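J.: below is the structure, and that's it, no one-letter string:
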């Protein structure tokens, strides 16, 4: 029988305060500090008859504009699935560094395992319009980090984000995605399968926006601060000079977090951001060891059991077969793939379509390119 989670009094109080969208989170936390009260105590004052005698008029007005609508929406969402959780300041799963943010999230809506928030994380970010090489690099580095016991954090966007999440899933299988929509929405829609895979593999998808919130342009730069604050390091794989990716890297640097960057072709505009970061002091990365060397205190991940290895191999068996080995990371014509694999062209086309749906290859002018490999 499916069980659901219920809101604690403290969580209800944080949601009550959050319901007034005209008040920034920092204003509430400042008020709590000023009056020496908890969120629960402050929310209770909203219904007190002598509230005007206890608080400043501006705060009194702000409290009176709060309501329980957000509490009801969140409660309904929590009851939909045992995988739905809410994390608020003071909860054991609430990331400590989030409390230092100027705009601290008062509620995190978590779809999946909230205990992933307590693991060591490294963020991998980059362009949505990444090259095949860039996505391959992100995938391989994410997989190696995951196999080393480091959870990968990214933003579930197309391009580098998606490749990083997929790479982590093929390692230990744990990854966290911060999204710019409510927890009941998936954006972009093409990543629905990836979204579900993250949750199914003991990871989680997190939003600071309540259920029913659609994607809005300003949500995505805003969620970048959470990615930067969550991670012990931020790795940039392909980014233009003016991009949200560099905003994330700069936020991380301002927080004293290590920034890493993968160099690229000097004629590729997608490499400009990485090269600029390296010039500013980011560590140049060519392999996962370049990252792990910066975190010697981390204990090596336990070796996967034979059963787990078998499960991983079964889940990714398509990545090692003869036909996929016939596809290069550069454009490979279909007739060349057929010749190498000694299969009829009709069988090759059918298999390539399945591989494309699984994100293993991509159709490009002149043939196919491999997106990930062993």
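T.: Happy to help now that I have it. Keep in mind it's a predicted model, so treat the numbers as computed, not measured.
J.: packing partners of the longest helix along the chain?
T.: For the chain, the longest helix by residue count, based on DSSP state H, is helix 132-147. Secondary-structure packing of helix 132-147 (3 or more C-beta pairs under 8 Å, 6 or more residues apart in numbering; DSSP states H and E): strand 121-126, strand 151-154, helix 160-169, strand 233-237, helix 288-292. From N, CA and C alone the C-beta is placed, and that goes for glycine too.
J.: could I get those as JSON lines with mean pLDDT, distance to residue 326 and mean neighbour count?
T.: What follows is those, written out as JSON lines (pLDDT from 0 to 100; distance: least, C-beta to C-beta, whole Å; neighbours: other C-beta atoms under 10 Å):
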{"stretch": "strand 121-126", "mean pLDDT": "96", "distance to residue 326": "28", "mean neighbour count": "30"}
{"stretch": "strand 151-154", "mean pLDDT": "96", "distance to residue 326": "29", "mean neighbour count": "28"}
{"stretch": "helix 160-169", "mean pLDDT": "95", "distance to residue 326": "21", "mean neighbour count": "29"}
{"stretch": "strand 233-237", "mean pLDDT": "97", "distance to residue 326": "27", "mean neighbour count": "29"}
{"stretch": "helix 288-292", "mean pLDDT": "95", "distance to residue 326": "27", "mean neighbour count": "16"}
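J.: nearest to residue 72, out of these?
T.: Taking C-beta to C-beta, strand 151-154 is the member of the helices and strands packed on helix 132-147 nearest to residue 72, at 30.7 Å.
J.: contacting residues around the closest one?
T.: The contact list for strand 151-154 (C-beta atoms under 8 Å, 6 or more residues apart in numbering) reads 116, 119-125, 142, 145-146, 160-161, 164-165, 167-168, 172, 174-178, 203, 227, 230-231.
J.: quick one: the longest helix of the chain to helix 160-169, angle?
T.: Between helix 132-147 and helix 160-169, the angle comes out at 40 degrees (axes from the mean of the first three to the mean of the last three C-alpha atoms, to 10 degrees).
J.: what average pLDDT does helix 132-147 get?
T.: Taken as a whole, helix 132-147 has an average pLDDT of 94.
J.: that one vs strand 233-237, what angle?
T.: Computed with the same axes, to 10 degrees, the direction of helix 132-147 lies at 160 degrees from that of strand 233-237.
J.: show me how far helix 132-147 is from its chain's centre.
T.: Centroid separation for helix 132-147 versus its chain: 15 Å, with C-alpha atoms, centre = their mean, to the nearest Å.
J.: which of the residues in stretch 97-111 are buried?
T.: Neighbour-count burial for stretch 97-111 flags 97-98, 101, 104-111 (criterion: 16 or more other C-beta atoms under 10 Å).
J.: in stretch 69-78, what counts as buried?
T.: Here stretch 69-78 shows 70-71, 73-75, 77-78 as buried, counting by 16+ other C-beta under 10 Å.
J.: on that earlier part again, would you list the helices and strands packed on helix 132-147 in a markdown table and tack on distance to residue 57?
T.: Output for the helices and strands packed on helix 132-147, formatted as a markdown table (distance: least, C-beta to C-beta, whole Å):
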| stretch | distance to residue 57 |
| --- | --- |
| strand 121-126 | 42 |
| strand 151-154 | 42 |
| helix 160-169 | 45 |
| strand 233-237 | 43 |
| helix 288-292 | 52 |
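J.: now do the longest helix of the chain against strand 121-126, angle only.
T.: Using the same axes, to 10 degrees: helix 132-147 against strand 121-126 is 170 degrees.
J.: what about the stretch 151-300 of the chain, any weak spots by pLDDT?
T.: Low-confidence segments of the stretch 151-300 of the chain (pLDDT under 70): 173, 299-300.
J.: show me where it has its helices.
T.: Ranges of helices in the stretch 151-300 of the chain, per DSSP state H, counting those that start in this stretch, are 160-169, 192-200, 219-230, 244-254, 272-279, 288-292.
J.: so what does the third one touch, helix or strand wise?
T.: Pointing back at helix 219-230 there. Applying 3+ C-beta pairs under 8 Å, 6+ apart, one finds that helix 219-230 contacts strand 121-126, strand 151-154, strand 175-178, helix 244-254.
J.: one step back: just say which of the helices of the stretch 151-300 of the chain is most tucked in.
T.: Among those, helix 160-169 has the highest mean neighbour count (mean count of other C-beta atoms under 10 Å), at a mean of 29.
J.: centre of the chain versus it, how much separation?
T.: That offset, for helix 160-169, works out to 9 Å (C-alpha atoms, centre = their mean).
J.: same question for stretch 198-211.
T.: In terms of C-alpha atoms, centre = their mean, the centre of stretch 198-211 is found 8 Å from the chain centre.
J.: just to revisit the earlier point, with secondary structure, distance to residue 193 and pLDDT added, can I get the buried residues of stretch 97-111 in JSON lines?
T.: Output for these, formatted as JSON lines (DSSP: H, G, I helix; E, B strand; the rest coil; distance: C-beta to C-beta, whole Å; pLDDT from 0 to 100):
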{"residue": "97", "secondary structure": "helix", "distance to residue 193": "31", "pLDDT": "87"}
{"residue": "98", "secondary structure": "helix", "distance to residue 193": "29", "pLDDT": "92"}
{"residue": "101", "secondary structure": "coil", "distance to residue 193": "32", "pLDDT": "88"}
{"residue": "104", "secondary structure": "coil", "distance to residue 193": "33", "pLDDT": "91"}
{"residue": "105", "secondary structure": "coil", "distance to residue 193": "27", "pLDDT": "94"}
{"residue": "106", "secondary structure": "coil", "distance to residue 193": "31", "pLDDT": "95"}
{"residue": "107", "secondary structure": "coil", "distance to residue 193": "27", "pLDDT": "96"}
{"residue": "108", "secondary structure": "strand", "distance to residue 193": "24", "pLDDT": "97"}
{"residue": "109", "secondary structure": "strand", "distance to residue 193": "21", "pLDDT": "97"}
{"residue": "110", "secondary structure": "strand", "distance to residue 193": "20", "pLDDT": "97"}
{"residue": "111", "secondary structure": "strand", "distance to residue 193": "15", "pLDDT": "97"}
